[in-house]
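Engineer: sequence isn't available, so here's the structure alone:
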């Protein structure tokens, strides 16, 4: 593989790691309460994080495939949090005020991820990086 392909693969790995970590943190922030009041920090973090990570992945890698990876990996982590474990643990519940925050988290997070991915896929193709010209840059020998 050429150096450019390794760089794109590295950016893809970084994008997946960052978005998976962010999704996991957001899921654990869902029941956050301050003074007994539910604080929906995860909803804002999901929207902002999904938009920023998709855009950053596109800018840094130049690849539309890499740009979609944060949205896809965020969704995988969140869907996994919705599945009841054999021990009976469930991270995303559906009842009461917590259920409303969880629903907003899922809806707005997926919308932000889809919007960011749509912007990335609709962006004009980026030109391949060009090697810097060699020489002194003075315009030639005189």
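Structural biologist: Structure received. Because the structure is predicted, anything quoted here is derived from the model rather than measured. Numbering: from 1, shown residues only.

Engineer: for the rest of this, base every contact and every neighbour count on C-alpha atoms.
Structural biologist: OK.

Engineer: distance check, the residue sitting nearest the centre point of the chain against residue 18.
Structural biologist: Centroid check for the chain by CA atoms, centre = their mean gives residue 70 as the closest residue, at 3.3 Å. Remark: distance between residue 70 and residue 18 (CA to CA, to the nearest Å) = 8 Å.

Engineer: list residues touching both of these two?
Structural biologist: Residues touching both residue 70 and residue 18 by CA atoms under 8 Å, 6 or more residues apart in numbering: residue 53.

Engineer: SS state for residue 86?
Structural biologist: coil (DSSP: H, G, I helix; E, B strand; the rest coil).

Engineer: for the host helix or strand of residue 26, which positions count as buried?
Structural biologist: Element membership of residue 26 [criterion: DSSP states H and E] is helix 3-29. Buried residues in helix 3-29, defined by neighbour count with 16 or more other CA atoms under 10 Å: 8, 11-12, 14-20, 22-24, 26-27, 29.

Engineer: and the residue nearest to the centre of the chain, backbone torsions?
Structural biologist: The phi/psi pair for residue 70 (degrees, to the nearest 10) reads phi -60, psi -40.

Engineer: my read is that it contacts residue 53, right?
Structural biologist: Yes: judged on CA atoms under 8 Å, residue 70 makes contact with residue 53 at a distance of 6.4 Å.

Engineer: now for these two: what residues contact both?
Structural biologist: Overlap of the contact sets of residue 70 and residue 53 (by CA under 8 Å, 6+ apart) consists of 15, 18-19.
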